[in-house]
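Asker: build me a structure from this.
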Amino acid sequence: MSWQRTPEDIKRHRNQRDVVLEHLRSGRAIDQDTAQSLYRIRRLASRVSELKKDGFIVLSLRNQKGLATYLLLEAPTKGGDSND
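Answerer: Numbers count the residues shown, from 1 in each chain. Purely as a prediction, here's the structure:
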């Protein structure tokens, strides 16, 4: 049996992605503890992965314990992309 995301999962993940993006666009870094305490987001790495797939450049810094902190470096450029 395989697991599939429901439409509700997709909507929730999109909303969480947007919240993380807004936080990063404000110039602030975010880590798992911050995402959980401020926004109740438990899968921060998944949301950051989605942002990266959408063309955002997100820096991932790891501390000695291996915990990641994320910082937005660059947003994708509009235009210039074609689907020919």
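
Asker: which parts of the chain are helices?
Answerer: Secondary structure of the chain, counting by DSSP state H: helices at 7-25, 32-39, 44-53.

Asker: pick the most buried one from those.
Answerer: Mean neighbour counts were compared across the helices of the chain using mean count of other C-beta atoms under 10 Å; the top stretch is helix 44-53, at a mean of 16. C-beta here means a position set from N, CA and C on the backbone, and glycine is covered the same way.

Asker: pull up the gap between the residue most central in space within the chain and Q36, please.
Answerer: With distances taken as C-alpha atoms, centre = their mean, the residue of the chain nearest its centroid is V48 (2.5 Å). Here the criterion is C-beta to C-beta, to the nearest Å. By it, V48 lies 14 Å from Q36.

Asker: ok, now Q64?
Answerer: Plainly put, Q64 is 20 Å away from Q36 if you go by C-beta to C-beta.

Asker: returning to that earlier point: who's in contact with the residue nearest to the centre of the chain?
Answerer: With contacts defined as C-beta atoms under 8 Å, 6 or more residues apart in numbering, V48 is in contact with V20, V58, S60, Y70.

Asker: pick out the most distant pair among the residues you listed.
Answerer: When C-beta to C-beta is used, the two most widely separated members of those are V20 and S60, lying 13.0 Å apart.

Asker: kindly reformat the helices of the chain as a markdown table containing distance to P76.
Answerer: Conversion of the helices of the chain to a markdown table gives the following (distance: least, C-beta to C-beta, whole Å):
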| stretch | distance to P76 |
| --- | --- |
| helix 7-25 | 11 |
| helix 32-39 | 22 |
| helix 44-53 | 10 |
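
Asker: pull the CA atoms of stretch 39-56 into CSV?
Answerer: Only the C-alpha atoms of stretch 39-56 are listed here, as CSV (Å, rounded to 0.1, in the frame of the first residue of the first chain):
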residue,chain,number,x,y,z
TYR,A,39,3.8,28.5,13.3
ARG,A,40,3.2,24.9,14.5
ILE,A,41,5.2,23.6,11.5
ARG,A,42,6.8,20.2,12.2
ARG,A,43,8.3,19.4,8.8
LEU,A,44,10.3,22.5,8.2
ALA,A,45,12.9,20.7,6.0
SER,A,46,10.1,19.5,3.7
ARG,A,47,8.8,23.1,3.3
VAL,A,48,12.3,24.4,2.6
SER,A,49,12.8,21.6,0.1
GLU,A,50,9.6,22.8,-1.7
LEU,A,51,10.9,26.4,-1.8
LYS,A,52,14.2,25.2,-3.3
LYS,A,53,12.3,23.2,-6.0
ASP,A,54,10.4,26.4,-6.8
GLY,A,55,13.8,28.2,-7.5
PHE,A,56,14.5,29.9,-4.2
